[in-house]
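Colleague: need a structure here:
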Amino acid sequence: MIRRIILAASLSLGANALAADPDANALYQKHCADCHDPSRLGGTGPALIPQTLRRMYGPKMHDVIANGRVATQMIGYSDVLNSAEIDALATYLETPLAEVPNWTPDDITASRNMREDYMPAAAPVWDADPMNITLVVETGDHHVSVLDGDTFEVLDRFATPFAVHGGPKFSPDGRYVFIMSRDGWVQKYDIWALQEVGQVRAGVNSRNIAMSSDGKHLAVANYLPMSLTILSTDDLSVEKVIDVVGSDGTASRVSAVYQAPQRASYVLALKDTPEIWEISTDPDTLFERRRIMLSEPLDDFFFSPDYRFLIGAARASDQGVVVNLSEGKEVANLPLAGMPHLGSGISWMRGDDRVLATPHLREGMISVIDMNTWTLVKTIKTDGPGFFMRSHENSPYVWADVFFGPNKDKLHVIDKQTLEIVKTLDPEPGKTVAHVEFTKDGKYALVSIWEDDGAVIIYDAATLQEVKRLPMRKPSGKYNVWNKISFSDGTSH
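Modeller: Sure thing, here's the model as predicted:
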């Protein structure tokens, strides 16, 4: 059935979608096409193109082909293919498609699959605080665990599409969650009923999703094709597909899409053209576009709490740029070398001043910026480059991981007022520690051991002592309903 879903794309690509090596192509068509489609755009298995599988290249790709992938339908082929054939097939999968895939509204509609056995519940089928539910994305075997944020009981564990990316998004009432995969599948799940509602493929290679402030529309940022797909949150039907082309005629990938709740809009980061797009979600101007011209492309956005200011990273010049969205112009530059990860930045009140803090992907430091003067307050030296930061309005601390390098097992706890590291945690020596989320009241901090045989560790956020440990399969991210729908201070948005 799912192969028929992809058929339109397969026919439109034809032989031009295949790599030049006829032997590798023959191997692919014989052993892989049934699950991943002749076009490599995905079927029952994920799309096998560079944009979706980049992190698996090299020895890891060879190993997956040879030995399969645990907890998936991917079997091993070491008893069918020799090492040279596996190498040829791995190289083939690293080869880009000859043509950019076109994924039309008709293709999206054809992929839509709403569950016939879904039965909505009038009230939650579990006894817990609906606002204190936390979802744990387990990428080790492509599942999500639903946690009671008070007892930390696992209420449900459900399968997701391959390679979830970009962070789940909740409906404004916290009842539904929407989850997106790298190869464009969007899944709707009813938290109250603990049931999947349906799935649809909104793109071929997608980056993230964003909810509209009224909860009626879900936007999907796409690399392939270069577009923004807008779905109805009610039934995952297509509302609009917007081709993304700059004012100079340059087609652009969409790095990310964000909800700007006070502005009743989406804000788009464009990878290939020096513009920001704002798409209205106001019913009176629904899906109208506004362009904000820039001096160079920006991505990895951070927003002030009132969504008046956008701070983006300018990769080419190693700096941050502040854009006044109301005025539609750049207003300041920030000294942010070392590739800041603004998408994981957070802000809080330090005395009477609001500050922004961001980790850096290339250097062991955290930059703290005064958001009134747009000046550097302090550079906090860390044990290595970090990926995620988190805090909570009820916590005096910021938690920052050291995701890259030899100290990946460390986690810094930083005082919000003094900007000093007060403690460095080492919860599992030698294992990657990452991504902190808080419970609704900020009493507990949930920390990931980012390994296939990993865990979620629950800390008392005041005493910094471990309370409980839940075994998990590479828990890459955790998302508390209340913190996300309320845009809690200290949570990246």
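
Colleague: just the buried residues of stretch 456-470, please?
Modeller: Using 16 or more other CB atoms under 10 Å as the burial criterion, the residues of stretch 456-470 that qualify are Val456, Ile457, Ile458, Tyr459, Ala461, Leu470. Where you see a C-beta, it was placed from the backbone N, CA and C, and this is true even at glycine.

Colleague: quick one: the fourth one and Lys443 touch, right?
Modeller: No. Between Tyr459 and Lys443 no contact is recorded; they are 10.0 Å apart, counting by CB atoms under 8 Å.

Colleague: how about Glu153, nearest residue that isn't a chain neighbour?
Modeller: Leaving aside its sequence neighbours, Glu153 sits nearest to Leu147 (CB to CB, 6 or more residues apart in numbering; 7.1 Å).

Colleague: tell me what that neighbour is bridged to.
Modeller: Beta bridges link Leu147 to Thr134, Val154, judged by DSSP bridges.

Colleague: tell me the contacts of it?
Modeller: Going by CB atoms under 8 Å, 6 or more residues apart in numbering, Leu147 touches Ile133, Thr134, Leu135, Val136, Glu153, Val154, Leu155, Val456, Leu470.

Colleague: show only the entries of the buried residues of stretch 456-470 found in helices.
Modeller: Residues of these located in helices (DSSP state H): none.

Colleague: which one of the residues you listed is nearest to Phe178?
Modeller: The closest of those to Phe178 turns out to be Val456 (CB to CB; 21.7 Å).

Colleague: buried among the contacts of Leu147? Need that as a selection in PyMOL.
Modeller: Applying 16+ other CB under 10 Å to those leaves a buried subset, and the PyMOL line that selects it is:
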select buried, resi 133+134+135+136+155+456+470
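
Colleague: tally up the residues packed near Asp173, please.
Modeller: Counted with other CB atoms under 10 Å, the neighbours of Asp173 add up to 12.

Colleague: with Ser181 instead?
Modeller: With other CB under 10 Å as criterion, Ser181 counts 24.

Colleague: next one: Ala84
Modeller: Close neighbours of Ala84, defined as other CB under 10 Å, add up to 9.

Colleague: mind listing the strands for the stretch 301-450 of the chain?
Modeller: All strands of the stretch 301-450 of the chain, identified by DSSP state E, counting those that start in this stretch, fall at 309-314, 319-324, 329-334, 346-350, 353-359, 365-370, 375-381, 389-390, 397-401, 411-415, 421-425, 433-438, 444-449.

Colleague: can you redo those as CSV with distance to Leu218?
Modeller: Below are those laid out as CSV (distance: least, CB to CB, whole Å):
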stretch, distance to Leu218
strand 309-314, 21
strand 319-324, 25
strand 329-334, 30
strand 346-350, 24
strand 353-359, 27
strand 365-370, 31
strand 375-381, 36
strand 389-390, 24
strand 397-401, 29
strand 411-415, 33
strand 421-425, 36
strand 433-438, 22
strand 444-449, 26
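
Colleague: of the ones you listed, which is nearest Val197?
Modeller: Here strand 433-438 is closest among the strands of the stretch 301-450 of the chain (CB to CB), at 24.0 Å.

Colleague: what mean pLDDT does that closest one get?
Modeller: For strand 433-438, the mean per-residue pLDDT is 96.

Colleague: measure Asp306 to Trp348 for me?
Modeller: From Asp306 across to Trp348, the span is 15 Å (CB to CB, to the nearest Å).

Colleague: of those two, who's got more company?
Modeller: For Asp306 versus Trp348, neighbours defined as other CB under 10 Å are more numerous around Trp348 (20 against 12).

Colleague: looking at the nearest residue to the more buried one once chain neighbours are set aside now. What's its pLDDT?
Modeller: Excluding the flanking residues, the one nearest Trp348 by CB to CB, 6+ apart is Lys416, at 5.4 Å. On pLDDT, Lys416 comes in at 98.

Colleague: cool, Leu7 as well?
Modeller: Looking at Leu7, the pLDDT reads 34.

Colleague: of the strands of the stretch 301-450 of the chain, which approaches Ala221 most closely?
Modeller: strand 309-314 (14.6 Å).

Colleague: and that closest one, what does it pack against?
Modeller: On a contact count with 3 or more CB pairs under 8 Å, 6 or more residues apart in numbering; DSSP states H and E, strand 309-314 meets strand 299-303, strand 319-324.

Colleague: now the contacts of Leu147 in JSON lines, with distance to Tyr118?
Modeller: JSON lines is the format used below for the contacts of Leu147 (distance: CB to CB, whole Å):
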{"residue": "Ile133", "distance to Tyr118": "19"}
{"residue": "Thr134", "distance to Tyr118": "23"}
{"residue": "Leu135", "distance to Tyr118": "18"}
{"residue": "Val136", "distance to Tyr118": "22"}
{"residue": "Glu153", "distance to Tyr118": "24"}
{"residue": "Val154", "distance to Tyr118": "21"}
{"residue": "Leu155", "distance to Tyr118": "17"}
{"residue": "Val456", "distance to Tyr118": "28"}
{"residue": "Leu470", "distance to Tyr118": "28"}
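
Colleague: so who does Leu325 touch?
Modeller: Leu325 makes contacts with Ala260, Arg263, Val267, Ile276, Glu278, Ile292, Tyr307, Arg308, Phe309, Leu310, as judged by CB under 8 Å, 6+ apart.

Colleague: and it, how far from Thr91?
Modeller: Note on Leu325: its distance to Thr91, by CB to CB, is 45 Å.

Colleague: repeat that for Ala337.
Modeller: Distance of Ala337 to Thr91, given as CB to CB: 36 Å.

Colleague: could you pull up the contacting residues of the closest residue to Leu155 other than its chain neighbours?
Modeller: Nearest residue to Leu155 in three dimensions, chain neighbours excluded: Val146, at 4.5 Å (CB to CB, 6+ apart). Val146 makes contact with Ile133, Thr134, Leu135, Val154, Leu155, Asp156, Arg157, Phe158, Ile191, Leu194 under the criterion CB under 8 Å, 6+ apart.

Colleague: quick revisit: now the two most distant members of the buried residues of stretch 456-470.
Modeller: Of all the pairs that these form, the one spanning the most space (CB to CB) is Ala461 and Leu470, at 16.7 Å.

Colleague: could the buried residues of stretch 456-470 go into JSON lines alongside distance to Arg175?
Modeller: Shown next, in JSON lines, are the buried residues of stretch 456-470 (distance: CB to CB, whole Å):
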{"residue": "Val456", "distance to Arg175": "23"}
{"residue": "Ile457", "distance to Arg175": "28"}
{"residue": "Ile458", "distance to Arg175": "25"}
{"residue": "Tyr459", "distance to Arg175": "29"}
{"residue": "Ala461", "distance to Arg175": "27"}
{"residue": "Leu470", "distance to Arg175": "24"}
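
Colleague: does the closest residue in space to Pro46 that isn't next to it in sequence fall in a helix, a strand, or a coil region?
Modeller: Counting by CB to CB, 6+ apart, the nearest residue to Pro46 once its immediate chain neighbours are dropped is Phe162, at 3.8 Å. At Phe162 the chain is in coil, as set by DSSP: H, G, I helix; E, B strand; the rest coil.

Colleague: what's Phe162 sitting at in phi/psi?
Modeller: Torsion angles at Phe162 (phi, psi; degrees, to the nearest 10) stand at phi -70, psi 130.
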